[in-house]
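Engineer: fold the following and give me the result.
(chains A and B)
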Amino acid sequence: MASDNRPLSPHLGIYRWQISMTMSILHRLTGIWLSLGSLALIYWLIAAASGPDIYAVAQTLLGSWIGQVLMWTWAFSLFYHLCNGIRHLFWDAGRGFEIRTFYITGYSVWIISCALTVVAILFAYTHGSHP
Amino acid sequence: MSFRTPLGRARGLGSAKRGTGHWLAQRVTAVALIPLSLWFVISVMIYLRADYGTVLNWMHSPVVAVLLVLLVATLYYHAYLGLQTVIEDYVHDEWLKVSTLVLLKFICILLAAAGIFAVLRVAFGG
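Structural biologist: Next comes the predicted model:
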């Protein structure tokens, strides 16, 4: 292509690290991780539709320690993607671009998604019905 | 070999008329997923470890069945739009990109159909 030798605009490598970079890529990564997590949701629904024996297997698998760890990473991913997604919607509406607001909402997303994950874990282990 | 610039070749062809469609669909599904996903997370925390009968009873409720169908459909629509963007950003080989996108679309529709079928099967007491 004729445009191959044209100068490029400054690229990622020359910028000092900013929290917005991590937050942006994490939005993508949590989205991808949640897409994979949706497989567990479909598996759970199919198991529920397939009778008590198959559901019991699904419950054992999802309740195993690796199942639980995966579940909490998906919980955090969902809360993060949800909170940061709402932040994105405000940007789409043209709000929240002032540098101070940008940082406040950014750190808020971190704090709120971590807090919601902890609350979800505490709730699940104290109030969830046990077999 | 063409001496025209990419802009020169594209200019005058008119827009594809659907430039904002993808963007808008991603936002609308995102808004719909805010209440749906919050409801789902709370439900999972309550019912994940409940016994089979309790879960089935919960899924028998028309409200729950409808919300689950909406969740699965909206989730895979949103997931497809997001993953499509990721693939378009990082896969530059045209053939690989198009075939990955088609494969992704098939997988998303298959999973959504399977999930919705499972919900309906329980809801109608199959």
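
Engineer: stretch A:17-31 and chain B in contact?
Structural biologist: Yes. Counting by Cβ under 8 Å from any Cβ of the partner chain, chain B is contacted by stretch A:17-31 at A:28, A:31. Where you see a C-beta, it was placed from the backbone N, CA and C, and this is true even at glycine.

Engineer: residues touching that stretch, excluding its own?
Structural biologist: A:12, A:15, A:76-78, A:80-81, A:84-85, A:88, A:102-103, A:106-107, A:109-110, B:79, B:82-83, B:86 (Cβ atoms under 8 Å, 6 or more residues apart in numbering or on different chains).

Engineer: narrow the residues you listed to those in helices?
Structural biologist: Assigned to helices by DSSP state H, the following of the contacts of stretch A:17-31 qualify: A:76-78, A:80-81, A:84-85, A:88, A:102-103, A:106-107, A:109-110, B:79, B:82-83, B:86.

Engineer: which residues touch the residue nearest the centre of chain A?
Structural biologist: For chain A, the residue nearest the mean C-alpha position is A:Ser77 (2.0 Å; Cα atoms, centre = their mean). Under the criterion of Cβ under 8 Å, 6+ apart, the contact list for A:Ser77 reads A:30, A:33-34, A:37.

Engineer: try it again at 6 Å.
Structural biologist: If you count contacts by Cβ atoms under 6 Å, 6 or more residues apart in numbering or on different chains, A:Ser77 has them with A:30, A:33-34.

Engineer: list the buried ones in the longest helix belonging to chain A?
Structural biologist: In chain A, with assignment by DSSP H, the single longest helix is helix A:19-49. Of the residues in helix A:19-49, those buried by neighbour count under the rule 16 or more other Cβ atoms under 10 Å in any protein chain shown are A:23, A:26-27, A:30-31, A:33-35, A:37-38, A:40-49.

Engineer: average pLDDT across the next helix or strand along the chain from it?
Structural biologist: Using DSSP states H and E, the next helix or strand after helix A:19-49 towards the C-terminus is helix A:52-63. When the per-residue pLDDT values of helix A:52-63 are averaged, the result is 94.

Engineer: ok now helix A:52-63, how far from the chain's centre?
Structural biologist: Here helix A:52-63 is found 25 Å from its chain centre; the criterion is Cα atoms, centre = their mean, to the nearest Å.

Engineer: helices or strands up against the helix or strand where B:Val69 lies?
Structural biologist: B:Val69 is part of helix B:62-90, with elements assigned from DSSP H and E. The criterion is 3 or more Cβ pairs under 6 Å, 6 or more residues apart in numbering or on different chains; DSSP states H and E, and the helices and strands that helix B:62-90 contacts are helix A:19-49, helix B:19-47, helix B:94-123.

Engineer: which residues of chain B score low on pLDDT?
Structural biologist: Across chain B, residues meeting the criterion (pLDDT under 70) sit at B:1, B:14, B:16-17, B:19, B:126.
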